[in-house]
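*Asks:* Prediction below, plus the sequence it came from.
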Amino acid sequence: MLESAALSAGNSYLARPDSFTFMSLKSYVIARILLTIPMIMLLLTFVFLIIRVLPGDPASLHFEKNVDPTTLLAFKKQLGLDKPLLTQYFDYLIGLAHGDFGKSMQDYSPVSQQIFSAFPATLELAINATIIMVVLGVFLGAVAGRYYNTMRDHSIRIFGIASYAIPVFFLGEVLIMVFGIYLRWFPAGGRMYPGLTPLGLTINGTHYATGLYVLDSLLEGNWEKLSYAIRYLTLPSLALGLVLCGIFIRLTRSNMLETLQLDYVAAARARGLKERTVVYSYALRNAFLPILTMMGLQFAALLAGAVLTETTFSWPGLGRYLVDRISFRDYIAIQGVVVFFGLIVAAVSLVVDILYAFLDPRIRL
Amino acid sequence: MGDPLLDVRDLIVEYHSLRGCVRAVADVSLSLEKGATLGLVGESGSGKSTLGFSLLRMVPPPGRIVGGQITFDDKDLLRQSDEEMRRIRGSQISMIFQDPMTSLNPVKKIRDHFIELYRTHDERMTKEEAVSRAVKLLDSLGIGGDRIDNYPHQFSGGMRQRVMIGLALALEPSLIIADEPTTALDVIVEAQILELLKQLKAEHQLTMILITHNIGIVAEMADMIGVMYAGQIVELGPTEDIFEDPLHPYTKGLLESAPNIEHPERSMRPIPGSPPDLLNPPTGCKFHPRCPKVFEPCPLREPALLERKRRLVACHLYD
Amino acid sequence: MGVSEEETYGRILVQLLPRVGALRRRGLAGWAILAGGTIVTVLATMTLLAPWISPYDPIAINVGPLLSPPSSQYPLGTNHLGQDMLSRVYSGGAIMFQVSILSVIVCLLVGVPIGLFASYKGGYTDKVASLVMDSIYAFPGLVLAIAIAAMLGPGVVNMALSIAVVYVPSYFRIIRSQVLTIKELPYVDAARMIGAKTRTTLSSYVLPNVVPSIVAVATINFADAILTAAGLTFVGLGLSVATPDWGWDLTYGRRLLTSGAWWVIAFPGLMVVLLALGFTLLGEGLSELFSPRLER
C-alpha cells in the first residue's frame, strides 16, 4: 500500500519490457537512441526559448540599472546577442555540437571551461549520494518487507515518506549544526582541506587526475588526503542520499512483498531452505532490475538535489556554480549549465535503458 | 494402534490487520494415524490451506498461530525453534503446492532445485550424489533423467507437478501435505497425478493430508474426510460413512453440488449464498445464514463438535 | 438572525464525523488521509489566523534582543534582525500556500485539458504531446524551475509559473494512463457511436472517471510545489525581504548557524517539513483509496 502513483506511471510512454519481448536487442537499442535525438532537440530548444525569448532580452536584464545603449550594443555584439533570433538559435546549436556552451556575461570567458572543471565535484557527490541512497533504501525496504505489517515495517515506511518531505538544504543545515559545529566530527563545508588536492596518478611528472577526490587520493596513494576527502564528502552525500532513499525503500519493500508472496518462495521455504537463502537469493534478486531502472529515473532528482546540497555545504560543483551565476545575472552561463544538466540526464537515462534491455532475461532468452 | 502421527488440538490461527482480526482457523482438532490419508475439504476461505500451512509453521504474516497444540511424531511443533522447524520442513513434513508453474523457481534448473534441497539438509552430500539421487527419483516418477537440466517452463503441467512431488518426497518425509495438487491441471493429467499419488502412498506408506475444494478427489484418495467451513471443522469421519450419509447440511450441500453419475437427481445443486466475511462472522453457527435446515438455536449458539454415527459433526440438528 | 457560528461548525462536524469513522476502517490509507488532512488544516488555519494570533508584527525589526534563544517572552527566539520567530512562523506559510495553490491551478488548467485531449485523440497528437511532456518530466525539476524563475524574476506569480511548468507533465501522465484505459470501455465507445462530439465525450464520460486520480496527483503535487518553492527561495529566486516566509528564514538563517543560533532555521524548517508531509500523506492516502492495490 501507499505506492505512489509516480511509481506506476514511472516509465516513459515508450514503455519498456512488455512491448519489447518481440524486439531484438539491437533494434531496441537503435530505436532508443533514435528517440533520444528528438528529446534532446526539444530540450535544447526549450532552454533556448526560456533564456532568450521569455524575458525578451537577456542582455538588458543583465544590467541592473539602466545602461547606455552603446555599452549595451557592444555587450550584445560580444555575446552574439545582437543577431536575429533564428541565427542565434543555429549558432547556439552548432556551438553545442562543438562543446561550446556560450560565453559568460561576466567576463566573456567560455562557460564550458567552468562547467567541465566544476562537474567532477558534482559527479563525486552524485555517486556517493547514490550509494547511500540505494544501500540504505534497499536495506530498509528489505527489512520492511520481511517484517510485513509489524512496527518495524510501519516505522520504516513512515521514515521513507517523511524523509522526502524534508527539504534537502534543511537536512543539510541540521547535519552541519549537529555533526559539524556541535560535535565537530565532520567539517562544516567545503570539499577539501586547503592545499591537499589529490593529484591522481603521476607518470613522468604529469598528473592524471579524474577530479574525483576519493579516487585520486587512492591513485596517489595518499592516505591523509583520502581520509580528508571522505570526511568532507560524508555529510553532503548523507543529506542528499537520505532525502531520496524513500523511493528505494518503497520499491524494494513492494518488490519483496510481491516476491515473498510468490509461490516458489513459499515452496522453497516449505522445503526447509534457510531463510537467508530464500530472502536474498530469491526475493532480492528479483528486485535488482527495478532498482537499476529506478536509479536511472532518480538521477535527475539527484542532480536537482545536488544544486541545493552544494550550496548548503559550499561544495564547489556545478550546482553551486549555477546558483552563483544567478546572483550575477549571468544568463548565458545559466543557460549553459542547464543545457549541460539536460544532456547529462539524457545520456544517463539512455545508458540505463540499454543496460536494462541487456539484462532483462525476457529479452535475452 | 500406537499414537497418531499427527495430533492437532484446538488450533487457532488469526490474521491481524489494521482493519480487524480474522480467525482463519478456529479451534480445530484432528488426528492422523500413520499411513492414513485425510482429505480436507471446503470452499475458498474455509481455512483449509491456512491449516496446512500451520502444520509447517508457515502461516504468512500478518497471520499468527495464537493457540492450540500441534504434536507431530511426539514433537510439539509449536515449541520448536525456528532452526529446528526449518530442518523438519522438507525432510519430515513436506508440501506439494497447487500451481507447479509458480511453485518452481523459473530461473533455476531442475537439477539445481534438487541440489539445493539435498545439500540444505545434508551439507556433506556432494553435488554428484544429489544429482544421481534426483535422477533415480525422477525416473520412478516417470520423468527421464535426461530432463534434469531443463528449466521449469520447459515441462508440461503434469510433469512439473511430478517434479514437485519428487521434491516433496526426496527426503522421505513422514507426512505430506498436498495443497490443491491437481487444481491447476487439466482433467486427464489430474487423473494421472492422482494415480501416481495413490501408487506412492502404497509404496512408501505415506501419511498424507490432501487439501482440496473438490470433494470428488477425496472420495478416491482419502481414508478420512474433514469438512471445513469458516475456519472450523464441521464434520470429520471415515470417507465411506460421510459419502453414504452426510450429516452436516454443508457437507450435504458440497456433495450435491458435485456431479454424481450414480445419483444424478442428487447432484449439481449449488449452495446458495457466499462464504461469510470473517471480519464480521455470523453469530452462532457460522453456516446458519445459508443453511436449508436452520432453526432456533442456530443463530444463538455455536454447535459443539460431537461424536455421532461413527464421526464427529458440529450441528444443532444432532445435539 | 439565523444560525450562529458554533452551530454551523457543529453541523459541519456532524456531517464529517461519520465519514471520519468510515476512514478509520479503511486501514492505513484512511489513517494517512486523516493525519495528512489534519496537519494541512491546522497549518492552513494557523496561517490564516496569523494576523490575530501573532504576538508581534512578523516583519517589525528589533522587537526584541537580536539573536536571542527561545524564552518565555519569545517562545521561538529572535533572529539577527530582532524579529520574533514565533510570529514569523505563524505567518511564514502564506507565501508557500499561495505559490502552491496557484501552481496547482495552473497545472490543472493546462495539464488536464492537454492530457485529456491528446490521449483521447491518440495518433500523432498523442505522440507529440507525450514526447514534449516526457522531455520536461525527465529533466531535473528544480533546475528547470530555476531557469524559468531566473528569467521571470521574483514574485509569487512567477514562482508559481516556474513550478507549474515543471509539474504539468505529472498531471499529463496520470491522466493519459487513465484515459487510455477508459477510452476503450464499452460505454465510451457507445457514446462515440451515437456521434457525440469529442468535447462532450471527454467532459461527461471521461473526465468524471479521471477526477479521483487528478485529485490524488494534485495533492501530492502540493507537497512538491512547496519543496520546490523552498528550493527556489534558497537559491535566491524567491521574494523580496519584506514578506515573512519560511523559505526565507531557512535561507538566511544559514549564516547564523556558526554562531550557534539553531532556532532561526529549526522552526521554519520544521513547518515546511510538516506541511509537505501533510500533503504527501493526504495525497498518498487518497491515491490508495481510489486505486487500491490488492494486498493478500
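*Replies:* Everything's here; your move.
*Asks:* Spell out the residue ranges of the strands in the stretch 101-250 of chain A.
*Replies:* Using DSSP state E, counting those that start in this stretch, the strands of the stretch 101-250 of chain A run over residues A:201-203, A:206-208.
*Asks:* closest to residue B:83 out of those strands?
*Replies:* Proximity to residue B:83 (Cβ to Cβ) singles out strand A:201-203 among those, at 50.9 Å. C-beta: built from backbone N, CA, C; applies to glycine.
*Asks:* and that closest one, what does it pack onto?
*Replies:* Contacting strand A:201-203 under the criterion 3 or more Cβ pairs under 8 Å, 6 or more residues apart in numbering or on different chains; DSSP states H and E are the following elements: strand A:206-208, helix A:213-220.
*Asks:* Count the residues that sit near the residue lying closest to residue A:282 once chain neighbours are set aside.
*Replies:* Closest residue to residue A:282 apart from its sequence neighbours, by Cβ to Cβ, 6 or more residues apart in numbering or on different chains: residue A:265 at 5.3 Å. As a burial measure, residue A:265 scores 22 neighbours (other Cβ atoms under 10 Å in any protein chain shown).
*Asks:* One more: the one 3 residues further on?
*Replies:* Around residue A:268 sit 28 other residues, with neighbours defined as other Cβ under 10 Å.
*Asks:* Up against chain B, what does the stretch 101-250 of chain C have?
*Replies:* Nowhere does the stretch 101-250 of chain C come near chain B, counting by Cβ under 8 Å from any Cβ of the partner chain.
*Asks:* show me where the stretch 101-250 of chain C has helices.
*Replies:* Secondary structure of the stretch 101-250 of chain C (DSSP state H, counting those that start in this stretch): helices at C:123-138, C:141-152, C:156-182, C:186-193, C:198-200, C:207-234, C:246-252.
*Asks:* what's near enough to touch residue 296?
*Replies:* Picked chain A for this. A:348, A:349, A:351, A:352, A:353, A:356 (Cβ atoms under 8 Å, 6 or more residues apart in numbering or on different chains).
*Asks:* now do residue B:206
*Replies:* B:35, B:37, B:176, B:200 are the contacts of residue B:206 under Cβ under 8 Å, 6+ apart.
*Asks:* The first one and residue B:203 touch, don't they?
*Replies:* Meaning residue B:35. No. Residue B:35 is beyond contact range of residue B:203, at 11.8 Å (criterion: Cβ atoms under 8 Å).
*Asks:* Looking at chain C, which residue reaches furthest from the middle?
*Replies:* Note on chain C: the largest C-alpha distance from the chain mean falls to residue C:194, namely 40.5 Å (Cα atoms, centre = their mean).
*Asks:* helices or strands next to the top helix by length along chain B in the packing?
*Replies:* Using DSSP state H, we find that the single longest helix of chain B is helix B:187-204. Packing contacts for helix B:187-204, counted by 3+ Cβ pairs under 8 Å, 6+ apart, involve helix B:157-169, helix B:215-221.
*Asks:* Pop out the phi and psi values for residue B:37.
*Replies:* When quoted as degrees, to the nearest 10, the phi and psi of residue B:37 stand at phi -120, psi 130.
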